[in-house]
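Student: Return a 3D structure for these sequence lines:
(one chain, ligands or ions: 2)
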Amino acid sequence: MGKTLAEKIFDAHRVDMPFPDTHVLKLDRVFCHEITTPIAITDLMARGLDRVFDPEKIKVVIDHVTPAKDSKTAEQGKILRDWARRQDIKDFFDIGRNGVCHAIFPEKGFVRPGFTVIMGDSHTCTHGAFGAFAAGVGTTDLEVGILKGVCAFHFPKTIKVVLEGTMREGVYAKDVILHVIQQLTVNGATNMVIEFTGPVVDAMSMEARMTLCNMAIEAGGTSGVCYPDMTTVEYLWDFIKEEYPSKEAALEDYSQWVSDEDAEYEKVLKIDVSDLEPMVTFGYKPDQVKPVREMEGEKLDQIYIGSCTNGRIEDLRVAAQVLKGQKVSDDVRAIVSPATPNVYKQALKEGIIEIFQDAGFCVTNPTCGACLGMSNGVLAEGEVCASTTNRNFNGRMGKGGMVHLMSPATAAASAIAGKIANSPLYKG
Ligand SMILES: CC(C)[C@H](C(=O)O)[C@@H](O)C(=O)O
Ligand code: SF4
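Tutor: Numbering: from 1, shown residues only. Ligands and ions are numbered 1, 2, ... in the order given. As a prediction, this is how the structure comes out:
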């Protein structure tokens, strides 16, 4: 019987099996941010265990609320900052160099095919786009990871999602993943890995693959994964060119991180994306999804473009294409948060920031901010936001507020219309 990609990663990292179905894996990366890691640090300190397993494998960023908005968030930043200094963690991204964790860490080349990655953040699944096993964990697992560089997991059953056909113009990875979540439902992949394969994924950029894997958790998935290929090698090349004599050599090495043809799956879901339309959520759960067409004209108060799902340069490019020469409707306000300083810089270079500003968008620094209703765009009671983020839970972006998840193209078109609208890039 063949093996899935996740099983192969487990085999290569297993150091112990203390109980049946408890696999202790060696970790290649432990990622940290200022919301969950300070709790782990404080607890480790209280227990006299203020150490780290390897400062080079730990990567740290302040991203959720930055600059700090109050004494509490300032304290969280301080605990993380002091710890990174004390433990000699060199890859620490503080204000001015910081961006959303799941955007900046891939951008820095920290994730490689076949890696194991944990973080105290549910969207850690994003990094599976590189052919890694990347999972969000709670405080106890994070503490063990920081201290010992290992983490215990259950054996990963895998759901294979095969994406076939050709996407229509104006339909994006976000529309695909919303459709997939609708099919799987919010707990259809609980404790499982979702493997995204097929010609549609093969043709996708790394950014689009990250958008897919990012939302695996919204179907309950532990991790999303894509097979590494030449697109992966090209994305990583600047970081790996010392390791391999050529891109082909890197590809050959990475090609061990794919599933065998006869691997066993929990479920295989084949989806032809050829007829897929731009999609949007309508309720408080990410599987409540409809075509934008059926939601056109719905009232909005705010538009938000950003986050670890859709705050990368490709996303901003698409939004700018829609916004060019247009104005945000007087009925709404609009905010864009480039996900990293590099995204911001590139958007400046390409004139994208100017397009956003001329349209009437507020451009913030790179941060999670509005995505989880902590800063930079919190909704008031009863307000509605069109958002490129990944969660539409009740009150997610502010108490009593509602969120409609959608692609950057749909969000930009909705900003201009002042209500939910399909983008002119979609030719249907
Ligand atoms: C703050 C953090 C723990 C949280 C998560 O784990 O997902 C956040 O990133 C989110 O998206 O709600
Ligand atoms: S951008 Fe949103 S979903 Fe992503 S890590 Fe930040 S708060 Fe979580």
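Student: same question for the top helix by length along the chain, mean pLDDT?
Tutor: As assigned by DSSP state H, the longest helix anywhere in the chain is helix 71-86. Per-residue pLDDT over helix 71-86 has a mean of 98.
Student: Mind checking what helix or strand follows that helix in sequence?
Tutor: Past helix 71-86, further along toward the C-terminus, the next helix or strand under DSSP states H and E is strand 92-93.
Student: on that earlier part again, ok, and what's touching the longest helix of the chain?
Tutor: Helix 71-86 is contacted from outside by 32-35, 37-38, 41-42, 50, 60, 62, 64-66, 68, 89, 92, 94, 374, using CB atoms under 8 Å, 6 or more residues apart in numbering. (C-beta placed from N, C-alpha, C; glycine too.)
Student: Please repeat the previous calculation with a cut-off of 10 Å.
Tutor: Here helix 71-86 makes contact (CB atoms under 10 Å, 6 or more residues apart in numbering) with 32-42, 44-45, 50-52, 55, 58-62, 64-68, 89-95, 98, 146, 374-375.
Student: which parts of that helix are buried?
Tutor: Buried residues in helix 71-86, counted by 16 or more other CB atoms under 10 Å: 73, 76-77, 79-81, 83-84.
Student: how would you label the residue located most distally from the centre of the chain: helix, strand or coil?
Tutor: Going by CA atoms, centre = their mean, the residue of the chain most distant from its centre is Gly48, 34.0 Å out. With DSSP: H, G, I helix; E, B strand; the rest coil as the basis, Gly48 sits in coil.
Student: can you pull the pLDDT of it?
Tutor: 98.
Student: so how far is ligand 1 from it?
Tutor: Going from Gly48 to ligand 1 by CB to the nearest ligand atom, to the nearest Å gives 26 Å.
Student: Would you mind writing the PyMOL command to select the buried ones in the contacts of helix 71-86?
Tutor: Applying 16+ other CB under 10 Å to these, the buried members can be selected in PyMOL as follows:
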select buried, resi 32+33+34+35+36+37+38+39+40+41+44+52+55+58+59+60+61+62+64+65+66+68+89+91+92+93+98+146+374+375
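Student: Show only the entries of the contacts of helix 71-86 found in strands.
Tutor: Using DSSP state E, the subset of the contacts of helix 71-86 located in strands is 32-33, 58-61, 92-93.
Student: Give me every residue in the stretch 1-150 of the chain lying close to ligand 1.
Tutor: 35-36, 64, 121-123, 136 (CB under 6 Å from any ligand atom).
Student: Now tabulate those in JSON lines and tack on distance to ligand 2 and pLDDT.
Tutor: JSON lines is the format used below for these (distance: CB to the nearest ligand atom, whole Å; pLDDT from 0 to 100):
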{"residue": "Ile35", "distance to ligand 2": "8", "pLDDT": "98"}
{"residue": "Thr36", "distance to ligand 2": "10", "pLDDT": "98"}
{"residue": "His64", "distance to ligand 2": "6", "pLDDT": "98"}
{"residue": "Asp121", "distance to ligand 2": "5", "pLDDT": "98"}
{"residue": "Ser122", "distance to ligand 2": "7", "pLDDT": "98"}
{"residue": "His123", "distance to ligand 2": "5", "pLDDT": "98"}
{"residue": "Gly136", "distance to ligand 2": "10", "pLDDT": "98"}
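Student: now, the most widely separated pair of the residues you listed?
Tutor: By the measure CB to CB, His64 and Gly136 form the most distant pair in those, at 14.0 Å.
Student: who touches both of those two?
Tutor: 36, 121.
Student: Dump the longest helix of the chain to CSV, keeping only the CA atoms.
Tutor: Extracted C-alpha coordinates of helix 71-86, given in CSV (Å, rounded to 0.1, in the frame of the first residue of the first chain):
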residue,chain,number,x,y,z
SER,A,71,-1.2,48.3,27.5
LYS,A,72,-2.2,44.7,27.2
THR,A,73,-0.9,44.3,23.6
ALA,A,74,2.2,46.4,24.4
GLU,A,75,2.9,43.9,27.2
GLN,A,76,2.4,40.9,24.9
GLY,A,77,4.9,42.4,22.4
LYS,A,78,7.4,43.1,25.2
ILE,A,79,7.3,39.5,26.5
LEU,A,80,7.9,38.2,23.0
ARG,A,81,10.7,40.8,22.2
ASP,A,82,12.5,40.2,25.5
TRP,A,83,12.3,36.4,25.0
ALA,A,84,13.6,36.5,21.4
ARG,A,85,16.6,38.6,22.6
ARG,A,86,17.2,36.4,25.6
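Student: can that helix be found next to ligand 2?
Tutor: No - if you take CB under 6 Å from any ligand atom as the test, helix 71-86 misses ligand 2, and the best it gets is 13.2 Å.
Student: Now the biggest strand by length in the chain - C-alpha only, CSV.
Tutor: Using DSSP E, we find that the single longest strand of the chain is strand 157-164. Extracted in CSV, the C-alpha atoms of strand 157-164 (Å, rounded to 0.1, in the frame of the first residue of the first chain):
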residue,chain,number,x,y,z
LYS,A,157,-6.0,10.5,7.5
THR,A,158,-6.1,12.4,4.3
ILE,A,159,-8.9,13.8,2.1
LYS,A,160,-7.8,14.3,-1.5
VAL,A,161,-9.4,17.1,-3.3
VAL,A,162,-8.8,16.8,-7.1
LEU,A,163,-9.4,20.1,-8.9
GLU,A,164,-10.0,19.7,-12.6
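Student: does Ile194 count as helix, strand or coil?
Tutor: strand.
Student: Excluding chain neighbours, what is closest to Glu383?
Tutor: Leaving aside its sequence neighbours, Glu383 sits nearest to Asp301 (CB to CB, 6 or more residues apart in numbering; 4.2 Å).
Student: these two touch, right, that neighbour and Ala386?
Tutor: Yes - if you go by CB atoms under 10 Å, Asp301 and Ala386 touch, sitting 9.1 Å apart.
Student: Overlap of the contact sets of the two?
Tutor: Val332.
Student: by contact count, what packs against the lowest-mean-pLDDT helix or strand in the chain?
Tutor: Lowest mean confidence among the helices and strands of the chain (mean pLDDT, DSSP states H and E): strand 14-19, at a mean of 95. On a contact count with 3 or more CB pairs under 10 Å, 6 or more residues apart in numbering; DSSP states H and E, strand 14-19 meets strand 22-26, strand 150-153.
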